[in-house]
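Asker: Structure, please.
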Amino acid sequence: MTETIPKFNGMSLTSKIMLGMVGGLVLGAILNMTGSASLNAWLVDGIFYMIGTAFVNGLKMLVVPLVVFSLICGVLGIGDIRVLGRVGGKSFVLYILTTAIAIATAILLGLLIGPGEGFVMEGVDTSGVTAAEAPSVWQVFANIVPSNPVAALATGDMLQIIFYVIVVGIAALMLGEQSEGFAKACEYMNDLMMKVVSIVMAFAPYGVFCLIARAFAKEGIDLFIPVLAYVVTLTGALLLHLFVTLMLILRLVSGLNPLTFITKIRPAQIFAFSTASSNATIPVTYRCTTQRMGVDNSVASFTVPFGATINMDGTAIMQGVATVFLANVYGVDLGMSGYLTVIAMAVLASIGTAGVPGVGLVMLTMVLTQVGLPIEGIALILGVDRLMDMIRTAVNITGDAVVTTIVAKSEGKLDHAVYDDPDAGIGTDDLEIDEAAEARLAELARHSH
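Answerer: Model (predicted):
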């Protein structure tokens, strides 16, 4: 018996995801105001938690195999080790530059608005807040080389995985014709993983709905009132960086239309907002850049996972605003040297920190320790951090996509016809299967009986 292939006609998958996000926000806020303890235990901590966590785990399940096979295909597709080095060098410089600009902008905006001035610290629970040890620059770069590649793959250490896979790809290039079978196998596995991505994304509207509903049911909006100035300053800095700084960089460096870019990166931003994890959003960011924007796989397979690991513009902005906020709360004048230290520490910490939910607070303890501010102050922003984390993760992956597009344009690896086509990749985004694919599936079904 031949199974019917489901299609998403009418409303696009992206529209359904946005609908799920808005619906989750409304329901979560209502549950926070009216929900009983028993209802929350069954619905919020039960069903919403189960579906939301399963969806995020499904995305994370894709990350390592997708990065491994797409990156190997990318290295083999480049075919020239010197070009690979050039792509890596460009992306590294741009990622570090955008992170430095992000935190500098955040500090300037924080100093102008002055969040935390006149704040009264009453009833703040500072228990359980411990400082993280700041890594040295030598330690950060030494840890890029994995002592056990299998362990790096098992734990999802992206920098070590990227390093190891690039070495394997270079070795395959050096073997020449002997690597043809290996290259074809990797291409097949890459195509296979993209299909698995499509399967997982079919459940996206429900996963996003549950994630957003649970977050707002747990946190509510009352938590924003005591630290409203911090929330407003941080949100403003994040949106300024996303819609102004990054788009100006895209326009000035590549000459591409920022409005087209914003439209096409929207699905990845929604996923990043709902999961609060740059790593979990890698498959979606990769699809947006390659299929919607026309970036060649040889560039995107390297720059997207690389950016999800070292590019943390949104997280850096949070550290800048939080530092100004806590300095005002404690009445500490950090001065120019203190804020320069914050910029340097945030950039360094972003290189060696994983793109997972809540990592920004770990990085913040490093920064506060370095400039002599009490880490207990983090307790003041703990309540609103989850929702702020969702916004800054969307900024993080937008920066990844901007750098990916710029590097692809500079290397002649950007299909302008795809980038300028508003409908490019929409069929894939909606999980539609073409007639040829349907015919092949029907043929396989007939042969199976």
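Asker: The longest helix anywhere in the chain packs against which elements?
Answerer: The longest helix of the chain (DSSP state H) is helix 81-113. When contacts are defined as 3 or more CB pairs under 8 Å, 6 or more residues apart in numbering; DSSP states H and E, helix 81-113 sits against helix 49-78, helix 158-175, helix 228-240, helix 297-310, helix 313-330, helix 335-351, helix 382-410. From N, CA and C alone the C-beta is placed, and that goes for glycine too.
Asker: what's the distance between Gly58 and His241?
Answerer: 30 Å (CB to CB, to the nearest Å).
Asker: typo on my end, Gly181
Answerer: Per CB to CB, Gly181 is found 46 Å from His241.
Asker: count of neighbours near the spatially closest residue to Lys218 that is not a sequence neighbour?
Answerer: Closest residue to Lys218 apart from its sequence neighbours, by CB to CB, 6 or more residues apart in numbering: Val44 at 6.8 Å. Counted with other CB atoms under 10 Å, the neighbours of Val44 add up to 22.
Asker: contacting residues for Val44?
Answerer: Going by CB atoms under 8 Å, 6 or more residues apart in numbering, Val44 touches 31, 35, 213-214, 217-218.
Asker: what does the model give it for pLDDT?
Answerer: Note on Val44: pLDDT of 81.
Asker: for Thr285, same thing?
Answerer: 92.
Asker: and what of Tyr330?
Answerer: Tyr330 is assigned 80 on the pLDDT scale.
Asker: which residue is nearest the middle of the chain?
Answerer: When CA atoms, centre = their mean is applied to the chain, the residue found nearest the centroid is Ser278 (2.2 Å).
Asker: So that one is in contact with Phe306, correct?
Answerer: No: contact status for Ser278 versus Phe306: not in contact, 11.2 Å apart, counting by CB atoms under 8 Å.
Asker: Out of the helices and strands in this structure, which is least certain?
Answerer: helix 435-447 (a mean of 43; mean pLDDT, DSSP states H and E).
Asker: so where's the stretch 151-300 of the chain uncertain?
Answerer: For the stretch 151-300 of the chain, applying pLDDT under 70 flags the ranges 219-226.
Asker: hmm, try it at 50
Answerer: Along the stretch 151-300 of the chain, no part satisfies pLDDT under 50.
Asker: how about TSV for the helices and strands packed on helix 81-113, with mean neighbour count added?
Answerer: Compiled in TSV, the helices and strands packed on helix 81-113 are given as follows (neighbours: other CB atoms under 10 Å):
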stretch	mean neighbour count
helix 49-78	21
helix 158-175	18
helix 228-240	20
helix 297-310	27
helix 313-330	28
helix 335-351	19
helix 382-410	25
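Asker: so which of those helices comes closest to Val371?
Answerer: Among the helices and strands packed on helix 81-113, helix 335-351 comes nearest to Val371, with 4.9 Å by CB to CB.
Asker: relative to helix 158-175, how tilted is that closest one?
Answerer: 50 degrees (axes from the mean of the first three to the mean of the last three CA atoms, to 10 degrees).
Asker: Show me what helix 335-351 packs onto, helices and strands only.
Answerer: helix 81-113, helix 137-142, helix 313-330, helix 359-371.
Asker: avg pLDDT for that helix?
Answerer: The pLDDT scores in helix 335-351 average 78.
Asker: That helix vs helix 297-310, what angle?
Answerer: 130 degrees.
Asker: In PDB, could you pull the C-alpha coordinates for helix 335-351?
Answerer: Extracted in PDB, the C-alpha atoms of helix 335-351 (Å, rounded to 0.1, in the frame of the first residue of the first chain):
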ATOM      1  CA  GLY A 335      36.300  53.800  33.700                       C
ATOM      2  CA  MET A 336      37.600  53.500  30.200                       C
ATOM      3  CA  SER A 337      40.100  50.700  31.000                       C
ATOM      4  CA  GLY A 338      37.400  48.700  32.800                       C
ATOM      5  CA  TYR A 339      35.100  48.800  29.800                       C
ATOM      6  CA  LEU A 340      38.000  48.000  27.400                       C
ATOM      7  CA  THR A 341      38.700  44.900  29.600                       C
ATOM      8  CA  VAL A 342      35.000  43.900  29.300                       C
ATOM      9  CA  ILE A 343      35.200  44.100  25.500                       C
ATOM     10  CA  ALA A 344      38.400  42.000  25.300                       C
ATOM     11  CA  MET A 345      37.000  39.400  27.800                       C
ATOM     12  CA  ALA A 346      33.700  39.100  26.000                       C
ATOM     13  CA  VAL A 347      35.400  38.500  22.600                       C
ATOM     14  CA  LEU A 348      37.800  36.000  24.100                       C
ATOM     15  CA  ALA A 349      35.100  34.100  26.000                       C
ATOM     16  CA  SER A 350      32.900  33.900  23.000                       C
ATOM     17  CA  ILE A 351      35.500  31.900  21.100                       C
END
